[in-house]
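J.: fold the following.
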Amino acid sequence: MPRGAANDNTRMILRVSPESKAKLARAASLRNTDLTNFVTQAALREAEAVIEAVEVVHLTAREDARVIALLENLPRPNAKLRAAIAALPDTL
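T.: Numbers count the residues shown, from 1 in each chain. This is a model prediction of the structure:
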């Protein structure tokens, strides 16, 4: 049965095979760091890559030019946009 989230944000417990732990420990040793720091840094690098892949939009030069053109020459609001604006509260 899964455990609920712990309130202690400073500890994470990982279960790995002895072979995996030995490999991680060897790699950490080769980097002259401890196992905790090695695993944390590797996980953070991967986390950054995942977040960037999902949250950062990469445009081609053509797409970039199209976005700039649209921003410089905004289309007129259609009926749906005007209705949505009218439905907004006075203060956000």
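
J.: helices or strands next to the helix or strand encompassing Ala53 in the packing?
T.: Per DSSP states H and E, Ala53 falls inside helix 35-55. When contacts are defined as 3 or more C-beta pairs under 8 Å, 6 or more residues apart in numbering; DSSP states H and E, helix 35-55 packs onto helix 18-30. (Glycine included, C-beta is placed from N, CA and C.)

J.: buried ones in the helix it packs on, by neighbour count?
T.: Neighbour-count burial for helix 18-30 flags 24, 28 (criterion: 16 or more other C-beta atoms under 10 Å).

J.: what residues does it touch?
T.: With C-beta atoms under 8 Å, 6 or more residues apart in numbering as the test, helix 18-30 has contacts from 16, 34-35, 37-39.

J.: any idea which residue of the chain is furthest from its center?
T.: Ala79 (35.5 Å; C-alpha atoms, centre = their mean).

J.: quick one, what contacts it?
T.: By C-beta under 8 Å, 6+ apart, Ala79 lies in contact with nothing.

J.: about what we covered before: show me what the mean pLDDT comes to for the helix holding Ala53.
T.: On average, the pLDDT along helix 35-55 is 96.

J.: next one: stretch 63-77
T.: 94.

J.: what are the buried residues along it?
T.: Result for stretch 63-77 [16+ other C-beta under 10 Å]: no buried residues.

J.: I'd like the numbering to begin with 53 instead of 1 from here.
T.: Sure, I'll start numbering at 53, so the last one becomes stretch 115-129.

J.: any idea how far that stretch is from the middle of the chain?
T.: Chain-centre distance of stretch 115-129: 27 Å, with C-alpha atoms, centre = their mean, to the nearest Å.
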